[in-house]
Structure formats: structure tokens, C-alpha cells
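Colleague: Need a 3D model of the sequence below.
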Amino acid sequence: MLELQTLKNQLSETSLSDVSLYYSDFVEWVEVTIGQLGQQDYSQVDWENLLDEIEDMSRRERQSLESNLVILLLHLLKWQYQSDRRTGSWKGSIVEHRRRILKTIKRSPSLNVYLQECFKEAYGDAIEQAAAETGLNSDCFPVICEYTIDRCLDTTFFPE
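Modeller: As a prediction, the model looks like this:
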């Protein structure tokens, strides 16, 4: 992070019009920046905002992965603990969020490490949400997830 901040400080010679464009029309700013990079016109690039956006891209990918994991775990819990209320919607959600997670990991294999790191917290969030949606007490769900990540992502797995 220190290197990134140093780079940002060194590259703060951004033209005022690019900074203004960043705040007034983000899409145009992106197109202008792509053009500048494509033409190797590096002196005109709004480096500070570009570096911020690249950092945000990684953060958004992680947040999206974690969000999909919470929803997957939520519907697996509901599937298991409210078997008498199973719906096609729950099954569809399980299938959809598995697919999203698997595609994300395929596109960015390094996020597999983050998936392992955020699993426990995501499971806690899923319990909280499951309790809110089902009316069941959160104590009825195991404190430690009974499913492994691999099992959660197994397209044939639906807990009984």
C-alpha cells in the first residue's frame, strides 16, 4: 500500500480538466483515459483517480464474491432447515449463486484464497439472514458450518 500511495503522490500532476471530467461524467472520463493510455499519452492521464478505480475494482470483486457466498449459504440453510417450504426459487438461487461464484473464481483464481478467508464470516451473515427470513431462532443453526466450501459449490449438493 505504501508503494501505491508513493506512486499516487508522484503522479499527482493531473490536468484539472481530467479531474473535473472524473466528477462530472465518469463514463466519458473512462473513455478519455482509455484513449490516452492507448495513445501512450501518459502525461495527460488522471493517474490518481485511475489508481483509485483500479483499487476499487479489486474491492468490488471481493464484495461481490462474498455477497454471492452469503446468499448461497442462506438458501442452503433454508433448504435444509425448512424442507417443508422448499421452493423452486430457493433452488434457482442456489444454482445461480454457485454459478456466479464459480465463474468469478475461474476468471480470478487468486480470489479462491479470499473465498476461504471470508467463509466463516459469510456463514455468520447467512445465519443472521436465515433467521430473519424464516422466523427461526438463530440458535437452531449450527455455529460452525456443516458444509465445506467444496460441498457448497458442488452442483449436485442440496442438504437434507
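
Colleague: from here on, contacts and neighbour counts on C-alpha atoms
Modeller: Noted.

Colleague: The residue sitting nearest the centre point of the chain and residue 101: what is the separation?
Modeller: The structure's the chain has its C-alpha centroid closest to residue 64; by Cα atoms, centre = their mean the separation is 1.8 Å. Computed as Cα to Cα, to the nearest Å, the residue 64 to residue 101 distance reads 9 Å.

Colleague: Quick one: name whatever helix or strand follows the helix or strand containing the residue nearest to the centre of the chain.
Modeller: According to DSSP states H and E, residue 64 maps onto helix 47-81. The helix or strand immediately downstream of helix 47-81 is helix 88-107, counting by DSSP H and E.

Colleague: okay, now the residue nearest to residue 160 when sequence neighbours are not counted: neighbour count?
Modeller: Leaving aside its chain neighbours, residue 160 sits nearest to residue 80 (5.3 Å; criterion: Cα to Cα, 6 or more residues apart in numbering). Using other Cα atoms under 10 Å, the number of residues around residue 80 comes to 15.

Colleague: tell me the contacts of residue 80?
Modeller: 158-160 (Cα atoms under 8 Å, 6 or more residues apart in numbering).

Colleague: What does the pLDDT read for the residue lying closest to residue 136 once chain neighbours are set aside?
Modeller: With Cα to Cα, 6+ apart as the criterion, residue 136 has its nearest non-adjacent residue at 7.7 Å, and that residue is residue 130. At residue 130 the predicted local confidence, pLDDT, stands at 97.

Colleague: again with residue 32
Modeller: Residue 32 is given a pLDDT of 95.

Colleague: All set now, cheers.
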